[in-house]
Structure formats: C-alpha cells, structure tokens
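>>> Sequence plus predicted model, see below.
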Amino acid sequence: MSRAPHHLWHFHGGLKLEGNKAASTTHAIVKARLPKKLVIPVQQHIGEPGHLLVKPGDNVLKGQALAESNSYVSAPVHAPTSGTIVDISEMPSPHPSGLNTLCFVLESDGKDQWIELEPVKYPNSKSPAQLRQIVRKAGVVGLGGATFPTAVKVNPGPGAYIDTLIINGAECEPYISCDDMLMREYAAELISGCELIQYMVASKHCLIAIEDNKPQAIASLQQVIKDKSLHNIEVVTIPTIYPTGGEKQLIKVLTHKEVPSDGFPSDIGVLVQNVGTAVAVHKAIHLGQPLISRIVTVTGEGIKQPQNMEVLIGTFISELVEQSGGYHKDACKLIMGGPMMGFTLQSDQLPVTKACNCILVENTEEESPATMPCIRCGACATVCPAQLLPQQLYWHASSKNFDMVQDYHLFDCIECGCCNHVCPSQIPLVQYYRFAKTEIWNQERDRIKSDHARVRHDFRQARLDQEKKERDEKLRKKKEMLAQKKKVEANAANEGKDTLVDPKKAAIEAAMKRVQDKKAALKSATEKTDETK
Amino acid sequence: MDKIDAILPQTQCGQCTYPGCRPYAEAIAKGEANINQCPPGGEITMLALSDLLGVEPLPLDEEHDDSPEKTVVYIDEQTCIGCTLCIQACPVDAILGAAKQMHTIIESECTGCDLCIPPCPVDCIHITPVKVDADTWRWPLPDQNEMAPRA
C-alpha cells in the first residue's frame, strides 16, 4: 500500500482488556436453522413504534412488512420467514427490565418464501433521498447496539456537511466477534454498503476503523478495496483499547475532533456507522432485502461450541444455544451483549432482536463482591473515556441529587463500565448512573404531565368561576326584577286600588285584545269574499 | 410562588390539607406549611422544594411512604348509575359522562388524586396502578445496605 498510515490520536482513559474472542472465531459463520416459531417484537428501534399491518391468522411471506409508522424517527419490522401470524400479544422480550412487549408470533411454514423483491440495479441513477427511502422501508437500524433508524442518520439535513464517514469495525468489547466475522466474510458487501452511504451523505472520505486484533478482517477488506481500486475508502488499523468503539471515542482517535456535549457527530462533519449496518444498507438497496437477520456471537465459558451465527430476527436464544453445543454443566449466567455493557437475561426463551449482537454464557457466578465505601482513589476518573468524574456522579446519584449529577454531565456517560471495572471498592457505579438517568427521564415525564394537569385544573377553575359569575348575574337580575315589581305594586297601592295595573295582567289583556281584533278582521274579510261571490 | 407551584405534582388531591396544589404553594410561600406535606410528590418533590427554598430537607409525614406508586382510577361501567357526582369532584376534568349516562375516566388526564372516590354512591370507582412498560421502566437504585461496614 502506497498510502501513508493514517495519523491516530488517543481518547482519554480506557482499558486494556482480555479479548477472549478466539473461541468464537475458529470457524466460519454458521447459518442458524429455520425455527418453527419466531417471536418478533414490534419495537426494535429507537423512536416511535409502528402500527400493525397484519392480524392473527394472516399468512405472510418472508420480508413482508408487519409493522410500520409514519413518524420520521421509526423503522418497520418484517417477517423473517414465510408462515402464519398465530398471535400478536405481550410477550417477554430481551430488555433489562424483563418486562413484556408487544410481539408478533410467527409460525414458519418451512418454505422460507420471499416476497417479491425490488433490487436497485443502478443506485447512482436514484437520488440520495430515494435511496434513504429504500433504507427506511427496509427497516435498517444501527446494528452496533443503539438501533437508531439508519435512514434518519444518513440524512445530514439541510446545511449540514459530512466530510468523513467512519465505518465502525472496532468491536472493542471482549468476547464479541460478530463484526469481525462479518468483515471477514462479507467484505465485498461491506465495501458496497460504504459506497452507498457515502453517496447518500456526499462524504469525501470513508474510514473503516478496525482494532489491530482483527488482522484477517483488515486483510480481507483491504483486498476488496485494492481489487475495486477505490481511493476514497481507507482501512485504518487502530490500537485495541476499550472502549475505542464508542462513537465519540472513535471519532477522537481518527480525527482528533470532539463531539460537543449535547451535540451530534454531524455537528463536526462526521458520521459513524457500524459495519453490520453498512452490510444491511447494501442488502436493502442492491438486493431489495429488508433487515430480517443479523450475525450473533454465541460465546462464553458456559457454552460448548462458541461460534458466530447468522440468525433470523425472532429466533429464540435457546435454539442458538442448542445449535452451539448447548450449555456446559456449570453455565450459570446469560448475558445479552458483552461483559462490560451487556445486561443479564432471566431466561433463554427470548427472541433475538435487531440489537442483539452477542449471547454470552458465563460459568462463574460473580458472587456479587462485597461493596466497600468509596475511598476517593480517583481510579475511575483516570479511566473514564468521557472525561467525567465518576465518583462525584456516584455521590450525587446515590443521594438522589439529580440536579448535581446533570451538572457533572451524567448524560455524557456512555455506560462503558470502565469505572466499575477498576473500582477497588467494587461499587456498581454504572448502575447508579443508569438509575439516575431513568429517574431524570421519569421526572421529565412527570413534569410534562403535571404541567398538563395544571393547565386543565386552571381551565376548570376558570370555567367554574365563569359559571358562578353567570349564575350570580342571573340571580341579581331576577332580584332586581322582583324589586321593581314590588315597587310597582307599592306605587299602585298608594294610588288606589282601581288604578292598580298588574303589568302581567295588562300584557295578557293586550294580547287577548289583539287576538279578538284579528278574529274580527278575519270575519269581516270572509264576509266580504262571500258577498263578491 | 409560581416556582413552588411548578415543582408540585398538580394532582390537586388535597392530601396536603390545602384545597389544591396552588393553595399549598401559597401556604409554603407564606411559611404556613411545611415542605413535606405532599404525598404524591414524595421525597423528590420535598428535596426539590428544599433546594428551591434553601431550607433543610424534612422527613416525609409518617403516613406517606417515600416511593408513591403512580395510580389512576377506572370506573366499573357495569355499576355506574350516571349520577355525575364524580365528574363534579374531578379537579382536572378527566371524567367523561352526563346525567344518567355511563361515565368513564380519560386515563391520560387522570392524576390519581382519588377525589372522585368518596362521592360515588355505588362505589364503582377503583384505583389501579399505572402500567410500567419498557419505555417508562426505571433502573433500581443499587442496594446500599449491602455496603460492608468499615473495617
């Protein structure tokens, strides 16, 4: 390669961790068997949930949309195989809360029959907006774990300018190797996806960042770039430091730029996409296929044959475990994601979602180590890749001082777990931050609700006041009338009985007189007509 | 006083012994009421008030536990006789109905103040907790009692 090596920078802190990736990368990606039953959560993305397009009893084809929304930040979900929708109900889904969410239950018919696909043969003949629409319809979301709708992310918006597209192949968290295997086996598709995204955001450069512990992935991508003699896509080898795969950290390493707090990478002319997302974009446009499968690392000391599998969304985790040789006797803990940022699952009867990159089975139950008081050693601040003060955050989060945690930039915390890892007192720091974040969101929701209630209460109060005022007014008028009547009566009494004229009586008499006059007039008229006859 | 009112949860439930959130805010502003009299607001409201007013936090009134569960009410429509008494009691107009017509709660507007329950002559209004879903679920505070005593 003639190109000079890309200059690299460092982000603050970080950790050197044992990779533990070898076990799951010994053989090629295995295609998981077609499951008999799939459970597909309606919401698998950040944003609005879609509305249902099918009902129980409907037959669906592979790739048919099951739910979609008209709101901008949203993504549809599709049938991962052909079959019958047997149920749509609240089912357990992989979420740290363990709560149920609305899911489609699809019984596969075994035919795996695709819906008619509409691949785009010449993407350059379409406008970026048209391609974004295709990506949107295909339900593509960020596959690095955040599941933000890709069509939204690849729209820089008016006035924004994306200089550098970064394709994130760092995969810094231990045990996870799905991106590594994807880069090795889908190098051509990945490069094609990069070109498409570059076209959509009109970026000049594309950097594919890969940690130096993945030489095979680096080689296979470089080969494709060489074969296609592409000049604006570059593979950059970066040092293996956790969490270099964090969006902001990766941008810092590659460009020395920092994403502003409360800002987005696009504010500094950068867009970061995961490698899996790039392949999904390729499939959506070149093949017309929606996002219905992903690569999942099934690994850990508790699993007999660690490996990477290509899995249909909605496949139960238990089936992946079974196809990976099953659990070891001493397997005891199931985690979705990696050991640093993943969360514990209560059961393996849960479906794989678009967010699921890794199923980690541990065999040593971490006997929750005795937590000791914070000794203010500062180790957490040294490793924090967001340059925060974790012990201050911990202090204020544990005392529920939610204003102070925000003053210490809680929302810049990426929950990477470095502080947890180094804490000599074994304080579960990230748990405190997660607690504080969800509390603050909850307070925000409460605030909106109470503002709404205040408006309604004030309105009701105003309405009641108005009604009272109107009633009082009516009463006052009536009283006045009565008083006047009394006055008239009194006057009449003074002037003598015969002159007493009750206004009501007078009115009645006047009316009767009018009627009599009318009758008389009518009578004379008929007599006249009789005469003329 | 607007600032105090902004912190209060606006349930208008009257559990603070004042006839609504604003009267309670007025009483706090005048120094007639303590900051720990709002059960729906719980500890968080108390702390926010203490922060705003620069007074020492107070423990919550004994009968109010510190983590109020959010509730709404629902009307058992089979039993409702359409008397409109609950509609008159609701401080936020969250009950829909008319005389001799079945009533129903507009759940999204209900603040869970329970003021509609006492006037109901047929006891057809029941309290139900607000359902937590994956979006509104909150991470628990790690158990601090686990912390080992200092050696």
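Yes, it's here.
>>> interface residues of chain A facing chain B?
A:43, A:93, A:95-97, A:99, A:101, A:368, A:370-373, A:398, A:400-403, A:428, A:431-432, A:434-435, A:437-439, A:442-443, A:445-446, A:449-454, A:456-457, A:459-460 (CB under 8 Å from any CB of the partner chain). Quick note: C-beta positions are derived from backbone N, CA and C, even for glycine.
>>> Output the longest helix belonging to the chain.
Assuming you mean chain A. helix A:429-495 (DSSP state H).
>>> meant chain B, my bad for not saying
Ranked by residue count under DSSP H, the longest helix found in chain B is helix B:42-53.
>>> and the angle for that one with helix A:429-495?
80 degrees (axes from the mean of the first three to the mean of the last three CA atoms, to 10 degrees).
>>> Tell me which residues are up against stretch A:397-408.
A:388-389, A:392-393, A:396, A:410, A:432-433, A:435-436, A:439-440, A:443, B:43-44, B:47, B:51, B:141, B:144 (CB atoms under 8 Å, 6 or more residues apart in numbering or on different chains).
>>> and with 10 Å instead?
Here stretch A:397-408 makes contact (CB atoms under 10 Å, 6 or more residues apart in numbering or on different chains) with A:374, A:388-396, A:410-411, A:413, A:427, A:429, A:431-437, A:439-440, A:443, B:43-44, B:47-48, B:51, B:141-142, B:144.
>>> and residue B:31, how many neighbours does it have?
Residue B:31: 9 surrounding residues under other CB atoms under 10 Å in any protein chain shown.
>>> ok, now how distant is it from chain A?
As defined by CB to the nearest CB, to the nearest Å, residue B:31 lies at a distance of 23 Å from chain A.
>>> for that residue, phi and psi?
phi 80, psi 20 (degrees, to the nearest 10).
>>> for it, what are its contacts?
B:53, B:55.
>>> one step back: who does the longest helix of chain A touch, helix- and strand-wise?
Here helix A:429-495 touches helix A:390-398, helix A:402-407, helix A:418-422, helix A:503-532, helix B:2-7, helix B:21-30, helix B:42-53, going by 3 or more CB pairs under 10 Å, 6 or more residues apart in numbering or on different chains; DSSP states H and E.
>>> quick one: that helix to helix B:21-30, angle?
Going by the same axes, to 10 degrees, helix A:429-495 makes 100 degrees with helix B:21-30.
>>> What mean pLDDT does helix A:429-495 get?
Regarding helix A:429-495, the rounded mean pLDDT is 91.
>>> after the longest helix of chain B, next one along is what?
Next along the chain after helix B:42-53, taking DSSP states H and E as the criterion, comes strand B:71-75.
>>> near chain A, anything from that next one?
No - Strand B:71-75 is not in contact with chain A by CB under 10 Å from any CB of the partner chain; minimum separation 11.2 Å.
>>> what's the domain layout of chain A?
The record's domain parsing of chain A by automatic domain parsing lists A:22-29+A:114-345, A:376-479.
>>> From one end of the first one to the other, what's the distance?
For domain A:22-29+A:114-345, the first-to-last residue distance is 24 Å (CA to CA, to the nearest Å).
>>> Can you list the low-confidence ranges for chain B?
B:61-68, B:144-151 (pLDDT under 70).
>>> three-state assignment of the spatially most central residue of chain B?
Closest to where the C-alpha atoms of chain B average out (CA atoms, centre = their mean) is residue B:40, at 3.6 Å. Following DSSP: H, G, I helix; E, B strand; the rest coil, we place residue B:40 in the coil state.
>>> Distance-wise, check it relative to chain A.
Counting by CB to the nearest CB - residue B:40 and chain A are separated by 9 Å.
>>> which residues does that residue contact?
A:446, A:450, B:8-13, B:15-16, B:21, B:64, B:68, B:70-71, B:111-114.
>>> Okay, domains of chain B per the record?
Split into domains by automatic domain parsing, chain B comes to B:2-53, B:71-129.
>>> Return the most buried member of those.
domain B:2-53 (a mean of 19; mean count of other CB atoms under 10 Å in any protein chain shown).
>>> thinking again about what came up before, reformat the domains of chain A into JSON lines and put mean neighbour count next to each item.
As requested, the domains of chain A are exported to JSON lines (neighbours: other CB atoms under 10 Å in any protein chain shown):
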{"stretch": "domain A:22-29+A:114-345", "mean neighbour count": "20"}
{"stretch": "domain A:376-479", "mean neighbour count": "17"}
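>>> Could you export these as a markdown table, including distance to residue A:518?
Shown next, in a markdown table, are the domains of chain A (distance: least, CB to CB, whole Å):
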| stretch | distance to residue A:518 |
| --- | --- |
| domain A:22-29+A:114-345 | 78 |
| domain A:376-479 | 33 |
